[in-house]
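Engineer: after the sequence you'll find the predicted model.
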Amino acid sequence: MYSLIEPTQSNQSLGDDGILFVRNEGIFDTMVKTPLLVASMIIVAALLPIQSSFSSPRDLDLIIYPDGSTHVSTEIDVDSFLTDYELNLFGSSIDNLVVIGDNEFLLDTDVLDNFALIQTFGSSVISIEYDIHDLVSKQSKLWTFSLDSPSNFTLLLPQNSVIVGMTNLPINMEIINDQNKLTLPSGKTEIDYLFSNTISNPIPDPKTETNYFSYAIIGGVLIIILIGAVIIIRTKQKNPKPVNHNPITEKNNILDIETIFKLKPDLREDDRELVKFIFNNGGKALESELRKKFLQPRTTMWRAVKRLEREGVIEIEKKDLQNLVKLRKNMEEEE
Amino acid sequence: MKKLAVFAIIVLIFGTVSPSLVDRAYGQNDPSILLRIAVQADKQIVNQLDRVYGDQIPNNLQILYDKGHRAVYSLDESLPDDIEKAKQDFLLAMNSFMQISRIISQSSEKVVVVTVSDKSNRNLTSEIDRLEKYVKTLEKISKKYNADVESDFIKIYDLIQELRIQINNGYGSYNDVINEIKIILDSIKNDIRESAIKHRSDFIKRFFDRLLDRIDKQLTKAQDDGIDQFQIDKGHTLILEIRELLSKNQIHDAKLVYGELKELMQNIGYSIRIT
């Protein structure tokens, strides 16, 4: 049986582990003509970018101003053997249109509704800039950006805007001058945003976070090394004389429950229950634990917690993505 | 030689495939972006609900919110290992929040959908920012054409500065200043156009020269291929006509005749396009 699958080449073709090595000389000659293959691939590789790039924007950048007007700037590859190029303008309310061709030549353009007829006269790349008022609408305090884009594009949102809904997955996001800049895929996109006074900062840049995290790790390691060194030195210098050891009782700064209620007599009954639970839980509890314990929806619990925070009974700390609710230690001092 | 050929093939395959690989990699470069957007939206929606409804959140909104909020938690848990699930969670969360924000805005006392072109919605600072950007673009172009408009630009920048001060102070003749800027801009555009005429004319002539030479060669080839002589002669006549119009600087007419020539070439089966 074994002889049936033994290679016809000499045994020298088998490696130490019995791996089969097959001579590949002549494979290309027998299968295809190598020069022909290379030439074909060069042609294909050369034509692909040309075919895919004509009439499609190579760059599309949008900036939304606080009043919802949008600045569009785009670069488009066009056929240099055509005299005109018809451009879809995403809308008809256009201002400040400028079209520049090769070598920064100003190109003549006629705008008719949603289209601009650009006299390209041999330009291979045209840059277009204009302001448009059709991409953003506003209902009450909600602003909605809508676009059916032929290509990927970047979108710079106004300062203090917060996204509250979107239909597409963003490709990327970065912070430019305290503004969120999204990179979005081609196709239909809708983004709802609000202007917020409470959340004035843009979503933090992950790079910055990473840097802080790196610094924190380095700092932590250094502190641990330092503490370790101090402990070792102290251990070595330890006095063998017996020391009168006074047991130190950890002072618990949290007030007892009765004192809290005396200080805050106006607390609602359900809020008192919350405080009791937190107190019995060692003075702190996650907001999610409170929700589970009291079977309350998130918003109701969130409001209760905010109410207690306003009363000065608790303080809220962020732990990962959750709210850690802690009884305040200095409540008495404030009173 | 064969090694070289194999190397060339590998390079070409990689070169052809790599753009799509890069694009996909870029799309997934930082999935935590999704979580940050969703968490921010979640907080904002809670604020909205609290402000608008207080303790009386309508049931449909509460259901939508819970759905979105659960999706945010699920998104957090999906990252960084299960990207596909994270994407679904993100879209679900943002869709729920979008519905809530739209319902809230629709239920506001005064429901008015406005497009931003509506003048009542005017924001002067945005208007000035956009105008200044346009002015800078024109300034760049004017330098290319050596148009003598430097003093006009200085005046415009002064007016923009004045306008910003007026806006900060909360009073001023905004419309008068904006109109003045627009009048100067029109003048600048005319000056640029005049300065550009010579450049533009040369540019267009060069374009037609290149194009007509190419068509001339195609007509010769068409003649060799046995195409109707009448069509070939007509094509040559049109080429001569275009060249004559260009020599007289009649660009528009040249373009019209070129349209006729292009149609003739298409009829005899020869494309002018480069592809």
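Structural biologist: Yep, that arrived. Every value quoted in this text rests on a predicted model; they were computed, and no experiment measured them.
Engineer: low-confidence stretches in the chain?
Structural biologist: Picking chain A for this. A:1-56, A:197-217, A:236-254, A:320-321, A:332-335 (pLDDT under 70).
Engineer: wait, chain B was what I had in mind.
Structural biologist: B:1-29, B:108-122, B:272-275.
Engineer: any idea which helix is longest in it?
Structural biologist: helix B:174-224 (DSSP state H).
Engineer: strands of the stretch 1-150 of chain A, residue ranges please.
Structural biologist: Assigned by DSSP state E, counting those that start in this stretch, the stretch 1-150 of chain A shows strands spanning A:57-64, A:70-77, A:84-88, A:94-100, A:109-112, A:115-119, A:125-132, A:136-139, A:142-149.
Engineer: for the residue in the stretch 51-200 of chain A positioned nearest to chain B, grab phi and psi.
Structural biologist: Nearest to chain B in the stretch 51-200 of chain A, going by CB to the nearest CB, is A:G165, at a distance of 2.5 Å. From N, CA and C alone the C-beta is placed, and that goes for glycine too. When read as degrees, to the nearest 10, the backbone of A:G165 gives phi 180, psi 140.
Engineer: could you say what helices and strands whichever helix or strand comes after the longest helix of chain B packs with?
Structural biologist: Remark: after helix B:174-224, the chain's next helix or strand is helix B:229-247, criterion DSSP states H and E. Packing partners of helix B:229-247 (3 or more CB pairs under 8 Å, 6 or more residues apart in numbering or on different chains; DSSP states H and E): helix B:174-224, helix B:251-267.
Engineer: for chain A, find the nearest of these.
Structural biologist: helix B:174-224 (3.3 Å).
Engineer: which elements pack onto that closest one?
Structural biologist: helix B:124-144, helix B:150-169, helix B:229-247, helix B:251-267.
Engineer: and that helix, how far out from the chain's middle?
Structural biologist: For helix B:174-224, the separation from the chain centroid amounts to 21 Å (computed by CA atoms, centre = their mean, to the nearest Å).
Engineer: residue contacts, the nearest residue to B:L91 once chain neighbours are set aside?
Structural biologist: For B:L91, ignoring the flanking residues on the chain, the nearest one in space by CB to CB, 6 or more residues apart in numbering or on different chains is A:L169 at 6.7 Å. A:L169 is in contact with A:185, B:27, B:34, B:87, B:90-91, counting by CB atoms under 8 Å, 6 or more residues apart in numbering or on different chains.
Engineer: torsion angles phi and psi at A:L169?
Structural biologist: Backbone torsions for A:L169, taken as degrees, to the nearest 10, come to phi -80, psi 130.
Engineer: A:L194 now?
Structural biologist: phi -130, psi 160.
Engineer: circling back: these two touch, right, the residue of the stretch 51-200 of chain A closest to chain B and B:M98?
Structural biologist: Yes: applying CB atoms under 8 Å, one finds A:G165 in contact with B:M98, separated by 2.5 Å.
Engineer: need the overlap of contacts for these two.
Structural biologist: With CB under 8 Å, 6+ apart as the test, A:G165 and B:M98 both reach A:190, A:192.
Engineer: of all of the stretch 1-150 of chain B, which residue lies closest to chain A?
Structural biologist: Closest point on the stretch 1-150 of chain B to chain A, by CB to the nearest CB, is B:M98, at 2.5 Å.
Engineer: residue contacts, that residue?
Structural biologist: A:164-167, A:190, A:192.
Engineer: most neighbours out of these, which is it?
Structural biologist: A:V164 (28 neighbours; other CB atoms under 10 Å in any protein chain shown).
Engineer: does that one touch B:V46 like I think?
Structural biologist: No: counting by CB under 8 Å, no contact exists between A:V164 and B:V46, whose distance comes to 10.8 Å.
Engineer: just to check, A:K264 is in contact with A:R310?
Structural biologist: No: the pair A:K264 / A:R310 is not scored as a contact, 11.2 Å apart, by CB under 8 Å.
Engineer: between these two, which is the more surrounded one?
Structural biologist: A:K264 (17 against 9).
Engineer: contacting residues around the more buried one?
Structural biologist: Applying CB under 8 Å, 6+ apart, the residues contacting A:K264 are A:311-313.
Engineer: 10 Å instead?
Structural biologist: Each residue near A:K264 by CB atoms under 10 Å, 6 or more residues apart in numbering or on different chains is listed here: A:271-272, A:275, A:308, A:311-313, A:331, A:335.
Engineer: using the three-state scheme, assign A:N180.
Structural biologist: strand (DSSP: H, G, I helix; E, B strand; the rest coil).
Engineer: now the residue nearest to A:S124 when sequence neighbours are not counted: how far from A:F105?
Structural biologist: In space, and not counting its chain neighbours, A:S124 is closest to A:S80: 4.2 Å by CB to CB, 6+ apart. Relative to A:F105, A:S80 is positioned 13 Å away (CB to CB, to the nearest Å).
Engineer: residues shared between the contacts of those two?
Structural biologist: With CB under 10 Å, 6+ apart as the test, A:S80 and A:F105 both reach A:120-123.
Engineer: adjacent strands (with direction) for the one helix or strand A:E317 maps to?
Structural biologist: Assigning secondary structure by DSSP H and E places A:E317 in strand A:314-319. According to DSSP bridges, strand A:314-319 forms sheet pairs with strand A:322-327 (antiparallel).
Engineer: the stretch 1-150 of chain B: helices as residue ranges?
Structural biologist: Secondary structure of the stretch 1-150 of chain B (DSSP state H, counting those that start in this stretch): helices at B:2-27, B:32-53, B:59-78, B:83-106, B:124-144, B:150-169.
Engineer: how about the ones you listed in JSON lines, adding distance to A:S149?
Structural biologist: Listed next are those as JSON lines, based on distance: least, CB to CB, whole Å:
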{"stretch": "helix B:2-27", "distance to A:S149": "15"}
{"stretch": "helix B:32-53", "distance to A:S149": "19"}
{"stretch": "helix B:59-78", "distance to A:S149": "25"}
{"stretch": "helix B:83-106", "distance to A:S149": "18"}
{"stretch": "helix B:124-144", "distance to A:S149": "21"}
{"stretch": "helix B:150-169", "distance to A:S149": "31"}
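Engineer: so for A:I227, which of those helices sits nearest?
Structural biologist: helix B:32-53 (32.1 Å; CB to CB).
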